[in-house]
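> Okay, structure incoming, though there's no sequence with it:
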Ligand SMILES: NC(=O)C1=CN([C@@H]2O[C@H](COP(=O)(O)OP(=O)(O)OC[C@H]3O[C@@H](n4cnc5c(N)ncnc54)[C@H](OP(=O)(O)O)[C@@H]3O)[C@@H](O)[C@H]2O)C=CC1
Ligand SMILES: CC(=O)N[C@@H](CCC(=O)OP(=O)(O)O)C(=O)O
């Protein structure tokens, strides 16, 4: 199966290369950038002697004729234009950006402050939250890969939201991300002196993943109310932790909820539910496609605290994109993704 990657020079793109280079079925056919033709190792010297591919200019006709599947690891606002160019070609597309995730174009304009993709294209797109949307992903031609924070939050909330065990107006999600989540382009906020030994909140009540999380929560429970969602920048390279708080409708013990989570995710190899009293740390999933979840019910307040961690570049981006590609082509979901986390 031949694949092309557009946006290869970014962090999501180079993570796709790391996975696809050892994938048993997908073969990297072409890699693209707007920067012209250079060997990939000149941009990423850690690939020297491993990948000899040259980055190519983007030729949509050639991609359409030669590849079966295209990954777009490009910014929101760019992906929608690339999807339009590829619309009449015989290729499946997995878009890592936010351009095709939101069914309501007004939500997109409001939260991304960009021009939305056409409704007719968004209508075709399948939201690629692998563990919850497998059936639709199998037959998709365009997959909107979820946002990194949205993935961690939704995998953590899924079982209690779907079973309607929590009061829908009490959800608070506290997200923290490493700096690779912001991509490779230079911004003042990502400078070493700004991030090192620091911890900042950003985009307060304005984060673009808010409507994405609410949209999926609504598909589980139509009584969903607006959430409170905060994002913080951690002085680490990879990793996201979301700490989620919500009030339970009835008295569930921690052990009962853990049993529900184990049952819900029992056929899903990338979700690891931690035992009673154990909570995951971001480093425990680094470099892997795992999402680890721990939880505890506070009997004093009637609230549950759910902690979920992922590697933003893996389960939060390239890893989930390849997992979705595996589903799309009927492969084992773990194909090419069977990495143990990197520790210490
Ligand atoms: N980083 C993360 O953890 C996550 C990222 N995402 C999403 O994945 C996508 C990629 O993110 P990330 O890799 O971090 O971003 P980067 O900023 O690191 O890379 C983006 C890439 O897009 C390419 N690009 C920029 N403009 C254009 C254009 N007009 N046409 C074609 N290519 C273009 C650039 O390549 P060049 O300049 O060489 O053309 C660049 O390599 C984004 O939409 C992001 O929101 C989603 C989840 C997590
Ligand atoms: C640390 C950091 O800055 N993270 C980025 C994640 C961006 C992203 O993944 O954007 P889309 O999924 O919406 O395309 C942010 O919070 O905006």
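Arrived safely, thanks for sending. What you see is a predicted model; the values in this text were computed from it and never measured. Ligands and ions are numbered 1, 2, ... in the order given.

> Please enumerate the strands of the stretch 151-300 of the chain.
172-177, 200-202, 228-233, 240-247, 271-273, 291-298 (DSSP state E, counting those that start in this stretch).

> Does residue 48 touch residue 40 like I think?
No: contact criterion Cβ atoms under 8 Å: residue 48 and residue 40 do not qualify, at 9.3 Å. In this view, the C-beta of every residue, glycine as well, is placed from N, C-alpha and C.

> When those two are compared, which one has more neighbours?
Neighbour totals were compared for residue 48 and residue 40, and residue 40 leads with 23 against 12 (other Cβ atoms under 10 Å).

> which residues are there in this structure that come within reach of ligand 1?
6-7, 9-13, 33-35, 73-76, 78, 96-97, 147-148, 180-181, 183-185, 312-313, 316-317 (Cβ under 6 Å from any ligand atom).

> Buried only: go through those residues for me.
6-7, 9-13, 33, 73-76, 78, 96-97, 147-148, 180-181, 183, 312-313, 316-317 (16 or more other Cβ atoms under 10 Å).

> These also near ligand 2: which ones?
76, 97, 147-148, 181.

> Next step: those restricted to helices.
Counted as lying in helices by DSSP state H, out of those, are residue 148.

> just the ones next to ligand 2 among the buried ones among the residues of the chain next to ligand 1 now: which is nearest residue 340?
Closest approach to residue 340 among these (Cβ to Cβ): residue 148, at 21.0 Å.

> Provide a list of residues in contact with that closest one.
Counting by Cβ atoms under 8 Å, 6 or more residues apart in numbering, residue 148 makes contact with 177, 181, 209, 240, 310, 312, 316-317.

> now residue 94
Neighbouring residues of residue 94 by Cβ under 8 Å, 6+ apart: 69-72, 128, 143, 145, 321, 324-325, 328.

> again, but for residue 55
Counted by Cβ under 8 Å, 6+ apart, residue 55 has contacts 8-9, 31-33, 35-40, 43.

> change it to 6 Å
Neighbouring residues of residue 55 by Cβ atoms under 6 Å, 6 or more residues apart in numbering: 31, 33, 38, 40.

> contacting residues around the residue of the chain at minimum distance from ligand 1?
Nearest residue of the chain to ligand 1 (Cβ to the nearest ligand atom) works out as residue 10 at 1.9 Å. Under the criterion of Cβ under 6 Å, 6+ apart, the neighbours of residue 10 are 73, 183-184.

> Show me what residue 242 is bridged to.
Here residue 242 sits in beta bridges with residue 175, residue 308, as judged by DSSP bridges.

> so it touches residue 175, yeah?
Yes: applying Cβ atoms under 6 Å as the test, residue 242 and residue 175 come out as touching, 4.8 Å apart.

> what about residue 171, neighbour count?
Residues within reach of residue 171, counting by other Cβ under 10 Å, total 24.

> quick revisit: out of the contacts of residue 10, which one sits closest to ligand 2?
residue 183 (7.1 Å).

> quick one: contacts for the closest one?
Counting by Cβ under 6 Å, 6+ apart, residue 183 has contacts 10-11.

> Give the burial count for the closest residue in space to residue 232 that isn't next to it in sequence, as a bare number.
Using Cβ to Cβ, 6 or more residues apart in numbering and skipping residues adjacent in sequence, the residue nearest residue 232 is residue 176, 4.4 Å away. Counted by other Cβ under 10 Å, the residues lying close to residue 176 total 22.

> List the residues that contact residue 176.
Taking Cβ under 6 Å, 6+ apart as the test, what residue 176 contacts is 232, 234, 241.

> doesn't residue 202 make contact with the first one?
No: contact criterion Cβ under 6 Å: residue 232 and residue 202 do not qualify, at 7.1 Å.

> which neighbours do those two share?
Joint contacts of residue 232 and residue 202 (Cβ under 6 Å, 6+ apart) do not exist.

> sorry, back to before: what would the contacts of residue 10 look like in JSON lines with pLDDT and distance to residue 105?
Formatted as JSON lines, those follow (pLDDT from 0 to 100; distance: Cβ to Cβ, whole Å):
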{"residue": "73", "pLDDT": "98", "distance to residue 105": "23"}
{"residue": "183", "pLDDT": "97", "distance to residue 105": "24"}
{"residue": "184", "pLDDT": "95", "distance to residue 105": "28"}
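
> out of those, which are inside helices?
Using DSSP H, none of those sit in helices.

> Now secondary structure and neighbour count too, for the contacts of residue 94, in JSON lines please.
Output for those, formatted as JSON lines (DSSP: H, G, I helix; E, B strand; the rest coil; neighbours: other Cβ atoms under 10 Å):
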{"residue": "69", "secondary structure": "strand", "neighbour count": "19"}
{"residue": "70", "secondary structure": "strand", "neighbour count": "25"}
{"residue": "71", "secondary structure": "strand", "neighbour count": "31"}
{"residue": "72", "secondary structure": "strand", "neighbour count": "28"}
{"residue": "128", "secondary structure": "coil", "neighbour count": "29"}
{"residue": "143", "secondary structure": "strand", "neighbour count": "28"}
{"residue": "145", "secondary structure": "coil", "neighbour count": "31"}
{"residue": "321", "secondary structure": "helix", "neighbour count": "28"}
{"residue": "324", "secondary structure": "helix", "neighbour count": "26"}
{"residue": "325", "secondary structure": "helix", "neighbour count": "30"}
{"residue": "328", "secondary structure": "helix", "neighbour count": "21"}
